[in-house]
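**Q** Sequence first, predicted model second:
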Amino acid sequence: MRSIRSIARRFVVCAFLFLVAADAAAFEDAENVREDAGEPHSAVKVYPDGSFDWDYVNDCIPYVDYVRDRADADLYLLITNQVTGSGGYEYTIEIVGQKQFAGMSDTLVHYCRAAEAGEIERAGVVGALKMALMRYVGRTPIGEKITIGYRSEEIMMAAADPWDRWVFSLSCSPSVSGSQVDESRYVSGSVSADRVTRDLKLSFRAYSYYSESEQTLPSKTVHLIRRSSSFDALAVKSVGDHWGVGLIGEAFGQSYQNKKRCYDISPAIEYSVFPYAQSTRRELAFFAQVIFTDVVYQELTIYDKIEEKLLSYRVSLPVYVKEPWGTIRSSVSWQQYFHDASIYRLSISPMISFQVAKGLWLNLQASYYRLHDRIDQPRRTLTDEEILLNLKSLASTYEYSFGVGFSYTFGSMYSNVVNPRFFGD
């Protein structure tokens with residue numbers, strides 16, 4: 001028996017050494033092939049960033065090398081997007097040159113219609129990306145192997161828009177679930193209308209839902225019904241490349257919590273330090289509004305109010321920066337009531353992700369809320385059942401969260417190969 005085990009161990013060790021030797025030989029052969037070809041590192045090294053299907057890009061653009069670390073790249077490639085007024089997307093492709101391409105940069109914009117299928121959308125973005133990369137690929141030996149084609153198409157004039165840029169949307173989502181001891185029914189629906197031009201943005205949304213649930217407990221059966229409806233309206237006028245003025249309205253009603261009916265209306269103004277055209281890459285703005293609120297409560301509040309009219313102001317400072325070294329996203333907001341300066345709300349929510357060293361990324365995110373505006377709290381003591389079922393909320397003067405994370409990647413700098421096998425497992 002010992003002899004058999006000894007032979008088995010020797011076999012495993014020999015097999016392992018054979019595989020290591022074979023892998024080393026394959027690596028050496030690959031390096032020799034690269035050197036024999038006379039084009040060591042001839043392909044442009046690209047560091048891709050942004051939310052996009054990069055596996056698809058790897059398949060469609062195989063004549064560049066995709067690297068895992070920005071420090072190894074010749075080009076920093078960033079793809080961002082934002083929703084257009086018609087419900088489609090505006091993709092911004094930014095290329096920043098590094099090393100031999102330092103000082104060279106390009107920005108392309110590609111538009112996708114809302115009705116386009118996902119395949120057509122991403123193919124269009126990749127087509128624009130191919131055009132953007134030619135300036136750099138053409139300066140390498142790989143450029144000699146690129147063929148430029150042209151597909152002639154008849155130039156079409158933009159047809160008259162019978163909808164005058166209005167875009168409408170309808171949705172409805174009913175659902176039923178249950179078991180032997182519980183059952184729930186839920187239905188929600190919404191309707192929206194939007195019209196967006198360079199000079200004026202109009203947006204209207206209505207939403208409603210109804211839920212009903214029944215839970216069998218050892219002592220009793222709990223039957224719970226929730227209803228809620230809301231309507232939001234927004235009108236914003238563009239004033240140059242940095243200013244926007246508008247009017248914001250909101251109304252809602254619900255059968256739970258303590259606000260029975262409420263509507264807000266507020267004029268607002270915003271100043272953007274950077275031109276709005278750069279909003280997908282960087283944003284630093286000052287936003288201010290004065291809010292008139294009319295509210296009716298389910299029951300008496302801690303201030304002995306069953307209804308009241310309120311006037312407050314709100315200022316906020318949104319920040320967004322997307323650079324090769326990382327991303328910063330933050331917002332600071334302050335709201336205070338005119339009739340009582342002690343009633344206010346402060347919120348801070350910073351997030352930063354940056355590259356500390358090659359392959360090492362650090363992510364920090366936090367939030368803090370100072371809550372001295374819970375004027376809708378019921379005067380009476382809440383029951384445990386109301387709190388657990390989220391029918392009423394306990395008052396808290398603050399909320400916070402903090403998270404930190406890091407990632408470190410090492411090994412081969414190239415990430416060109418896509419292997420989709422066993423994708424679902």
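**A** Received, thanks.
**Q** which stretches of the stretch 301-425 of the chain form strands?
**A** Taking DSSP state E, counting those that start in this stretch, the strands of the stretch 301-425 of the chain run over residues 307-323, 326-337, 344-348, 351-357, 360-372, 398-408.
**Q** so which of these gets nearest K220?
**A** strand 398-408 (32.8 Å; CB to CB). Using the backbone N, CA and C atoms, a C-beta is placed for each residue, glycine as well.
**Q** helices and strands of the protein: which one has the lowest mean pLDDT?
**A** Ranking every helix and strand in the chain by mean pLDDT, DSSP states H and E puts helix 2-36 at the bottom, with a mean of 49.
**Q** still on that earlier bit, with respect to Q180, which of the strands of the stretch 301-425 of the chain lies nearest?
**A** Counting by CB to CB, and looking across all of the strands of the stretch 301-425 of the chain, nearest comes strand 398-408 at 37.4 Å.
**Q** From the contact counts, what lies against that closest one?
**A** Under the contact definition 3 or more CB pairs under 8 Å, 6 or more residues apart in numbering; DSSP states H and E, strand 398-408 sits against strand 360-372.
**Q** Parallel or antiparallel, list what pairs with the strand it packs on.
**A** With DSSP bridges as the test, strand 360-372 is paired with strand 344-348 (antiparallel), strand 351-357 (antiparallel), strand 398-408 (antiparallel).
**Q** weakest of these by average pLDDT?
**A** Of all these, the minimum mean pLDDT falls on strand 351-357 (a mean of 84).
**Q** What residues of that one count as buried?
**A** 351, 353 (16 or more other CB atoms under 10 Å).
**Q** CA atoms of that strand as CSV?
**A** Taking C-alpha atoms only, strand 351-357 is exported to CSV below (Å, rounded to 0.1, in the frame of the first residue of the first chain):
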residue,chain,number,x,y,z
MET,A,351,-17.6,59.0,-2.7
ILE,A,352,-14.1,58.7,-4.1
SER,A,353,-12.4,56.0,-6.1
PHE,A,354,-8.7,56.6,-7.0
GLN,A,355,-5.6,54.7,-8.0
VAL,A,356,-3.0,54.8,-5.2
ALA,A,357,-0.3,52.8,-7.1
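**Q** Could you tell me the angle between that strand and strand 326-337?
**A** Orientation note: strand 351-357 sits at an angle of 160 degrees relative to strand 326-337 (axes from the mean of the first three to the mean of the last three CA atoms, to 10 degrees).
**Q** What lies in contact with strand 351-357?
**A** Residues outside strand 351-357 that contact it (CB atoms under 8 Å, 6 or more residues apart in numbering) are 70, 325-330, 361-366, 406.
**Q** who does I93 bridge with?
**A** With DSSP bridges as the rule, I93 is bridged to I79, L108.
**Q** do you know how far it is from F204?
**A** As defined by CB to CB, to the nearest Å, I93 lies at a distance of 32 Å from F204.
**Q** which outside residues touch stretch 124-139?
**A** Residues outside stretch 124-139 that contact it (CB under 8 Å, 6+ apart) are 44, 46, 52, 56-57, 60-61, 63-64, 74-75, 77, 79, 91, 93, 95, 97, 100-101, 104, 106, 108, 110, 112, 116, 143, 146, 148.
**Q** thinking again about what came up before, now the contacts of strand 351-357 in TSV, with distance to E299 and neighbour count?
**A** Listed next are the contacts of strand 351-357 as TSV, based on distance: CB to CB, whole Å; neighbours: other CB atoms under 10 Å:
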residue	distance to E299	neighbour count
R70	57	17
W325	53	13
G326	49	17
T327	45	14
I328	44	16
R329	39	16
S330	38	17
W361	50	16
L362	48	16
N363	44	15
L364	42	14
Q365	38	16
A366	36	15
F406	49	11
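**Q** Farthest pair within the residues you listed?
**A** Maximum distance among these (CB to CB): 25.0 Å, for R70 and A366.
**Q** one step back: ok, which of the strands of the stretch 301-425 of the chain comes nearest S219?
**A** strand 398-408 (33.2 Å).
**Q** Backbone dihedrals for the one residue sitting closest to the centre of the chain, please?
**A** For the chain, the residue nearest the mean C-alpha position is S51 (8.4 Å; CA atoms, centre = their mean). As for S51, its main-chain torsions (degrees, to the nearest 10) stand at phi -90, psi 100.
**Q** and the gap between it and R68?
**A** Here S51 is placed at a distance of 17 Å from R68 (CB to CB).
**Q** Kindly report the same for Y303.
**A** Counting by CB to CB, the gap from Y303 to R68 is 58 Å.
**Q** again with E119
**A** Remark: distance between E119 and R68 (CB to CB) = 27 Å.
**Q** What of P62?
**A** P62 is 17 Å from R68, by CB to CB.
**Q** Report the buried residues of the strand ranked longest in the chain.
**A** Counting by DSSP state E, the longest strand found in the chain is strand 221-239. For strand 221-239, a neighbour-count test (16+ other CB under 10 Å) marks 226, 228-236, 238 as buried.
**Q** Now distance to M351 too, for these, in TSV please.
**A** Shown next, in TSV, are the buried residues of strand 221-239 (distance: CB to CB, whole Å):
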residue	distance to M351
R226	32
S228	30
S229	33
S230	28
F231	31
D232	26
A233	30
L234	25
A235	30
V236	26
S238	28
